[in-house]
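Participant: predicted structure and sequence below. I'll ask about it afterward.
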Amino acid sequence: MKRIIFTGKGGVGKTTILSNLARLLARDGYRVLVIDCDPSMNLAMSLGIPISEVVSLAGDKSHLQEKLGGGVGEHANHGLEDTDDSLEEFIVQACDGVKLIVMGTIPFGGAGCLCAPISLVKLLVNYLASGPDENDFIFVDSQAGVEIFGRGLASEFDISFVITEPTPKSLEVAKHGLRLAKDLGVKRQIAIVNKVELEEDLSCAVQELNLFADQILSVGYDRSVIEADKKGALLLDNVPWTSALSDILRIKKCMLGDV
Amino acid sequence: MCEFTVYVYEDGTKDRLLVAKNILAAKRKDGRTLLMDAFGSITPVESVTIEEVNTISQELILKKIEPE
Ligand SMILES: Nc1ncnc2c1ncn2[C@@H]1O[C@H](COP(=O)(O)OP(=O)(O)O)[C@@H](O)[C@H]1O
Ligand SMILES: [Mg+2]
């Protein structure tokens, strides 16, 4: 099982790339579980699932924490089967057989920080990694910025995908993310320059990222990505395939090449 | 993030010993304090009381007491 994290500045295309990559892998027969760790909770929609159909982890923190961590309380050690049963209710079947778990969001103003639900995701990923091999890939979609790395969730992950636009601000966030992922012992660093319109923008971005990433790939700016978003449609269901999807297919090939 | 590094002060000394990192929860049980970390593993500590909990420094400080 490979654990893979997606990070980058807000709006750079993390969720778009993750959701399409996950589906492409699932179509190849891989078992893919995606976890939405962004409190904006966009991933479900990008996989064709209305958010109203999702039961988030944050809704049931203490119960699940006891089960996943063994807990420090009286209800420790329910056994694995029981934990698997508890997890079932949080797993949503998305298109092409991709499985989705949503961390959840801040339920009301002043409700406090995201530490607790993120801790829960950590326990969950740890549980899934040490249990029976039920997934080939676990993808974690994250909130904008580098905070997720401070939380140590991606510690020892197999791949960190850092997504960036070819703009200075976005590249700064990407470089920082690549450095932090290295601190956490992530094994492979792949930078993706998204929404590329000009060849020269890409080469500038590559120069910036060269020192930090093991591989640098790109996805071209593609109007049809936005059009699909506007209609609430899924890019992968578009006929014929658009250029962005061909680029994401290249990312998949590159990723599998070394996985 | 709200995870604590836990230290303990030995009786009569000013030096604190590192007990555990990334602690999410602490609970007293049968005279021991159980510390659970972000990966679910438990560190038990004998005969201590809580001296300070601080989310800014992210530290939980314990102090040795006489065994119960
Ligand atoms: N290659 C692309 N070309 C054009 N627009 C894109 C591309 N990739 C993503 N977008 C658009 O950028 C916006 C942000 O994408 P999203 O995946 O939600 O970003 P993030 O998850 O990083 O916040 C969306 O409106 C999406 O349609
Ligand atoms: Mg997103």
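Facilitator: All right, it came through fine. Ligands and ions are numbered 1, 2, ... in the order given.

Participant: now residue A:54, nearest residue through space, not along the chain?
Facilitator: residue A:102 (4.8 Å; Cβ to Cβ, 6 or more residues apart in numbering or on different chains). Just so you know, the C-beta spots here come from the backbone N, C-alpha and C atoms, and that holds for glycine as well.

Participant: who's that neighbour bridged to?
Facilitator: residue A:36 (DSSP bridges).

Participant: count the residues that sit near it.
Facilitator: Using other Cβ atoms under 10 Å in any protein chain shown, residue A:102 is surrounded by 27 other residues.

Participant: for residue A:100, same thing?
Facilitator: Residue A:100 has 25 neighbouring residues, counting by other Cβ under 10 Å.

Participant: from ligand 1, how far off is it?
Facilitator: Per Cβ to the nearest ligand atom, to the nearest Å, residue A:100 is found 15 Å from ligand 1.

Participant: and the helix or strand harbouring that residue, how far out from the chain middle?
Facilitator: For residue A:100, the host element (DSSP states H and E) is strand A:99-102. Between the centre of strand A:99-102 and the centre of its chain there are 10 Å (Cα atoms, centre = their mean, to the nearest Å).

Participant: quick one: residues contacting residue 2.
Facilitator: Reading this off chain A. A:136-138, A:158-159, A:259 (Cβ atoms under 8 Å, 6 or more residues apart in numbering or on different chains).

Participant: could you do chain B instead?
Facilitator: Residue B:2 sits next to A:113, A:115-116, B:24, B:55, B:58 when contact means Cβ under 8 Å, 6+ apart.

Participant: let's see it at 10 Å
Facilitator: Neighbour list for residue B:2: A:112-116, A:118-119, A:151, B:23-24, B:55, B:58 [criterion: Cβ atoms under 10 Å, 6 or more residues apart in numbering or on different chains].

Participant: so it sits in a helix?
Facilitator: No - per DSSP: H, G, I helix; E, B strand; the rest coil, residue B:2 lies outside any helix segment and is coil.

Participant: closest point of chain A to ligand 2, which residue?
Facilitator: residue A:15 (3.3 Å; Cβ to the ion).

Participant: that residue belongs to a helix?
Facilitator: Yes - assessed by three-state DSSP, residue A:15 belongs to a helix.

Participant: for the strand holding residue A:100, packing partners?
Facilitator: Strand A:99-102 is packed against helix A:14-27, strand A:32-36, helix A:43-46, strand A:92-93, helix A:115-130, strand A:137-141, with contacts defined by 3 or more Cβ pairs under 10 Å, 6 or more residues apart in numbering or on different chains; DSSP states H and E.

Participant: helices and strands around the third one, which ones?
Facilitator: Helix A:43-46 is packed against helix A:14-27, strand A:32-36, strand A:99-102, strand A:137-141, helix A:223-231, with contacts defined by 3+ Cβ pairs under 10 Å, 6+ apart.

Participant: try it again with 6 Å
Facilitator: If you count contacts as 3 or more Cβ pairs under 6 Å, 6 or more residues apart in numbering or on different chains; DSSP states H and E, helix A:43-46 packs onto helix A:14-27.

Participant: one step back: any idea how far chain B is from the residue nearest to residue A:54?
Facilitator: 20 Å (Cβ to the nearest Cβ, to the nearest Å).

Participant: the residue in chain B that ligand 1 sits nearest to - how many residues pack around it?
Facilitator: Per Cβ to the nearest ligand atom, residue B:1 is where chain B lies closest to ligand 1, at 21.3 Å. By other Cβ under 10 Å, 20 other residues sit near residue B:1.

Participant: now do the contacts for it.
Facilitator: Contacts for residue B:1 were tallied using Cβ atoms under 6 Å, 6 or more residues apart in numbering or on different chains; they are A:115, A:151.

Participant: which residues of the stretch 101-250 of chain A lie near ligand 1?
Facilitator: A:144, A:194-195, A:219, A:221-222, A:225-226, A:229, A:244 (Cβ under 6 Å from any ligand atom).

Participant: can you redo those residues as a markdown table with pLDDT?
Facilitator: Shown next, in a markdown table, are these (pLDDT from 0 to 100):
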| residue | pLDDT |
| --- | --- |
| A:144 | 95 |
| A:194 | 98 |
| A:195 | 98 |
| A:219 | 98 |
| A:221 | 98 |
| A:222 | 97 |
| A:225 | 96 |
| A:226 | 95 |
| A:229 | 93 |
| A:244 | 97 |
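
Participant: measure residue A:241 to residue A:130 for me?
Facilitator: Residue A:241 sits 38 Å away from residue A:130 when distances are taken as Cβ to Cβ, to the nearest Å.

Participant: again but with residue A:239, I slipped
Facilitator: In terms of Cβ to Cβ, residue A:239 sits 42 Å off from residue A:130.

Participant: these two: who's more crowded?
Facilitator: Comparing residue A:239 with residue A:130 by neighbour count (other Cβ under 10 Å), the higher total belongs to residue A:130, at 11 against 5.

Participant: now the terminal residues of stretch A:93-113, how far apart.
Facilitator: The first residue of stretch A:93-113 is 29 Å away from its last residue (Cα to Cα, to the nearest Å).

Participant: buried residues in that stretch, which are they?
Facilitator: Residues A:94-96, A:98-105 are the ones in stretch A:93-113 that count as buried (16 or more other Cβ atoms under 10 Å in any protein chain shown).
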